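>>> Fold the following for me, if possible:
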Amino acid sequence: MAGRLDQFVADNYARGVRSWRTSKGTIIQRYRRLSSQAASLAEQARGIRFAVKVELQKSAVNQLRKVMPELLAEAADIRKALDKFLQSLIKVDEPTKKIFEQAKKNHLQMIIKPLEELLERAGKVPDLTNQKEIIDRINQDNIVLVELGDKIGVVSFDEVWPLKAGYEESEVSSSTSPPPRVFYGDMAIASKLLSLSAKPFAEVVLTFFEDIPPRYFWSSRPPIFGPIVSLQLKTVREKLEKSNLIVKEWNIAKDDAPPKPEDGRKQVLIVLPPPEPYPPVPGQPKRPQWSPDEVDKVRKVIASGTPAIFLAGYFPPERWGQFSVPGYYGFSDYLRNDWAIDVKTSLRVVRAEPDPLNPGKYELPVLRWTFMPLSCFTDHPVGKCLKARRLYWYNVCPLVRNPNCKEKVEIKEIMTVPAGTKGIWATTHPDELVQKMYLGESSGITPNVDRGDRLPPLILAAEAIKTVSVDKPAKENNEDATTKPTTRRTIEARIIVLGVGNSYIDGFITTRVPRLAGGETLISEPPPTSDIDLLVNSVLHLIGKDEYIGAGPAIIQPIRDIAPSSMTTIKVLFGLAWPVMFLLIGLQVMFIRKR
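Here you go, the predicted model:
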């Protein structure tokens with residue numbers, strides 16, 4: 001500190017200030033003296049450790065402790081003297097003020113006037129705190145800047161040229177060249193223009209059951225939340241808002257009904273999996289827990305005509321010593337009995353590669369286990385535009401039709417692994433496969449149907465539609481509410497169930513996708529944020545805005561090599577039979593003309 005002060009007053013002007021010197025010397029002298037005393041005290045303290053007698057050590061420590069208050073008091077006194085010195089430096093006396101005023105009026109106007117004009121112009125610059133996305137993305141390479149009036153947006157390179165679906169890691173493993181991409185710029189820019197110009201289409205209500213206290217209360221009040229926590233969906237919220245949707249919340253643990261829509265907008269529920277019920281803890285206050293009554297709250301809202309999207313996935317079992325309990329999904333019975341969709345949250349969809357050493361068997365790639373590439377969409381409006389997109393999924397579970405459902409439900413598949421697909425199945429024992437994979441024993445794997453593994457076809461996302469009857473207020477029919485308060489009307493209720501719900505948490509959706517290239521070289525691709533397009537398209541479909549769902553990149557089938565058997569046929573047909581036929585025709589014509 002003394003050295004820093006010495007540099008500060010190096011020009012000697014500050015040394016002339018009256019507060020620089022105190023009754024005990026200058027501030028620098030006092031700091032150096034205090035430093036010397038503290039160093040001496042520290043040296044004595046180190047020497048005590050080598051004393052032979054414990055009594056001598058105790059006596060020396062007591063003596064050193066008596067000196068410490070004096071040093072601390074001196075340090076505080078020096079600090080006060082330094083603060084007084086600094087205050088005296090910034091205090092301007094009256095004669096100096098008059099000199100400054102005179103300089104400001106006569107000599108400094110050529111500098112002050114341009115500065116005042118510059119500050120005035122700077123004050124008119126609009127606040128950019130709500131343009132964080134623009135500030136963060138405008139520095140990226142190869143962007144498209146979209147301006148609409150006084151609004152501005154940025155379309156990134158990955159949005160214009162997303163990764164192509166269908167290529168395998170082995171296709172690019174021999175080089176470090178970038179993976180193939182498809183052009184999606186027309187829809188990406190059109191979507192940005194739409195978000196800048198149009199009013200919000202609808203309100204998306206994140207529906208969950210949570211009781212999360214502040215972190216410092218967790219020891220006394222453990223948090224309650226399901227497998228997918230609402231706080232982990234920041235990226236999903238941002239993408240929904242950029243898609244011209246308003247995002248709201250409905251915490252079922254606190255409110256019996258979702259927030260009312262504004263300006264007559266439509267609402268869509270995005271229902272997160274609820275937490276598993278737990279027994280009350282003796283001695284602790286009663287806390288909310290999931291029950292069938294909470295399911296009825298959601299059932300009532302959907303039955304009134306509000307569509308919903310249910311996020312599900314593979315939920316690992318709970319371990320209790322040597323026993324395990326299957327993962328809990330609180331809407332399982334509701335979806336099975338009311339919508340004929342049986343969500344198999346205890347099964348995990350895996351994707352493997354053919355084992356070159358064991359024909360008919362497979363080996364599990366480590367990278368595909370977490371980032372599973374899959375774009376097997378149907379012609380349903382929600383997924384049709386995503387067929388050529390490169391999408392990755394995490395902890396996916398299959399959906400199964402329930403033939404015993406008493407409700408008359410129409411199910412439309414959105415994402416389905418077709419029958420006969422090799423290397424993809426739903427397993428009942430993913431933990432065993434993980435152990436084999438990380439121990440280097442992942443070759444020779446086969447689906448175990450006897451243990452409950454399911455082979456394709458596998459439904460991963462589906463829409464369910466049914467007709468329900470609801471009460472209609474009499475005033476809507478201009479009827480007398482006293483004699484006939486309500487009438488019945490028939491509406492169409494719709495939901496979408498996505499077995500890829502685990503893929504939307506921030507920990508996965510914002511992580512770059514690893515890829516092997518050039519032998520053992522590990523590189524990474526952009527995060528799989530395109531997964532959220534499936535969720536956005538589902539919302540647009542449920543509110544009747546299919547025309548705003550992107551058309552998607554064109555799917556161009558590559559020209560494949562001709563099989564050896566087919567090549568033999570082609571050679572015989574066009575290399576031998578075809579020329580011989582024309583030779584015979586020519587000979588016949590020549591013979592006729594000679595006659």
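>>> Just to be sure, Ala81 is in a strand?
No. Counting by DSSP: H, G, I helix; E, B strand; the rest coil, Ala81 falls outside a strand, being helix.
>>> I'd assumed Ile27 was in contact with it.
Yes. Counting by C-beta atoms under 8 Å, Ala81 does reach Ile27; the two are 5.7 Å apart. To be clear about C-beta, it is placed using only N, CA and C from the backbone, and glycine gets the same treatment.
>>> out of the two, which sits in the more crowded spot?
Ile27 (23 against 20; other C-beta atoms under 10 Å).
>>> contacting residues around the more buried one?
5, 20, 78, 81-82, 85 (C-beta atoms under 8 Å, 6 or more residues apart in numbering).
>>> quick one: which two of these are the most distant?
Trp20 and Ile78 (12.4 Å; C-beta to C-beta).
>>> hang on, Pro526 packs against Pro514?
No. In this structure, Pro526 is not within contact of Pro514 by C-beta under 8 Å, at 11.8 Å.
>>> Now do the closest residue to Leu364 other than its chain neighbours: how many residues are near it, please.
Leaving aside its sequence neighbours, Leu364 sits nearest to Ser442 (C-beta to C-beta, 6 or more residues apart in numbering; 4.0 Å). Look at Ser442: counted by other C-beta under 10 Å, it has 21 neighbours.
>>> give the contact list for Ser442.
Contacts of Ser442 (C-beta under 8 Å, 6+ apart): 363-364, 433, 436.
>>> In helices only, show me these.
433, 436 (DSSP state H).
>>> out of the contacts of Ser442, which is most surrounded?
That'd be Leu364 among those, by other C-beta under 10 Å, with 21 neighbours.
>>> Pretty sure it sits against Tyr438.
No. Judged on C-beta under 8 Å, Leu364 makes no contact with Tyr438 at a distance of 9.8 Å.
>>> Which one of the contacts of Ser442 is nearest to Val144?
Leu364 (39.6 Å).
>>> show me where pLDDT drops low in the stretch 351-500 of the chain?
Within the stretch 351-500 of the chain, the stretches with pLDDT under 70 are 472-487.
>>> could you redo the last one with a cut-off of 80?
Applying pLDDT under 80 to the stretch 351-500 of the chain picks out residues 438, 440-442, 470-488.
>>> Mind jotting down where the helices sit in it?
366-370, 430-438 (DSSP state H, counting those that start in this stretch).
>>> Out of the ones you listed, which gets nearest to Ile341?
helix 430-438 (21.7 Å).
>>> Touching that closest one from outside, list them.
314, 316, 348, 350, 364, 366, 369, 427, 442, 445.
>>> what's around Pro114, how many residues?
10.
>>> Quickly note the distance from the residue nearest to Leu364 to Gln289.
40 Å (C-beta to C-beta, to the nearest Å).
>>> now swap in Ser88 and tell me
From Ser88 to Gln289 the distance is 65 Å (C-beta to C-beta).
>>> Would you mind giving the secondary structure of Ile246?
strand.
>>> Surely it is in contact with Leu206?
No. Applying C-beta under 8 Å, one finds Ile246 not in contact with Leu206, separated by 11.4 Å.
>>> between those two, who's got more neighbours?
Under the criterion of other C-beta under 10 Å, the comparison of Ile246 against Leu206 puts Leu206 first, with 20 against 17.
>>> Bridged to the closest residue to Leu460 other than its chain neighbours, which residues?
Distances taken as C-beta to C-beta, 6+ apart put Met415 closest to Leu460, at 4.3 Å, once the chain neighbours are dropped. Counting by DSSP bridges, Met415 forms beta bridges with Phe377, Ala461.
>>> Lovely, talk soon.
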